[in-house]
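> only geometry, no sequence info:
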């Protein structure tokens, strides 16, 4: 039997005792065994603004400036809102 796993992304804080406190409740009840992957910034990690600046000037994305890539207008779709 195949062990199918579902991934969710959540944020949290690691306290002084190295325990994780999640910012929100998990979307399932326990007790249940889970696998955890921790992502944390390193001291030499660049911030998001620097990353976006570098990505915007990367020649790998220069094709996006071609007119044939410009297929959407402001009239397409509906505006996003934070309202639920």
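Thanks, I have the structure now. Computed from a predicted model, the values in this text were never measured in an experiment.
> only C-alpha atoms for contact and neighbour calcs from this point on.
Will do.
> backbone phi and psi for residue 12, please?
Note on residue 12: backbone dihedrals following degrees, to the nearest 10 are phi -170, psi -170.
> Equivalent analysis for residue 21, please.
Dihedral angles (degrees, to the nearest 10) for residue 21: phi -110, psi 110.
> show me what contacts it?
Residue 21 makes contacts with 12-15, as judged by C-alpha atoms under 8 Å, 6 or more residues apart in numbering.
> Show me the beta-bridge partners of it.
Applying DSSP bridges to residue 21 gives these bridge partners: residue 13.
> that older thread, from the contacts of residue 21, which two are the most distant?
Pairwise distances across the contacts of residue 21 (C-alpha to C-alpha) peak at 9.7 Å, for the pair 12 and 15.
> coming back round to it: adding pLDDT, neighbour count and distance to residue 78, write the contacts of residue 21 out as a markdown table.
Output for these, formatted as a markdown table (pLDDT from 0 to 100; neighbours: other C-alpha atoms under 10 Å; distance: C-alpha to C-alpha, whole Å):
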| residue | pLDDT | neighbour count | distance to residue 78 |
| --- | --- | --- | --- |
| 12 | 91 | 11 | 32 |
| 13 | 89 | 11 | 35 |
| 14 | 89 | 10 | 39 |
| 15 | 89 | 9 | 41 |
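> Fine by me, thanks again.
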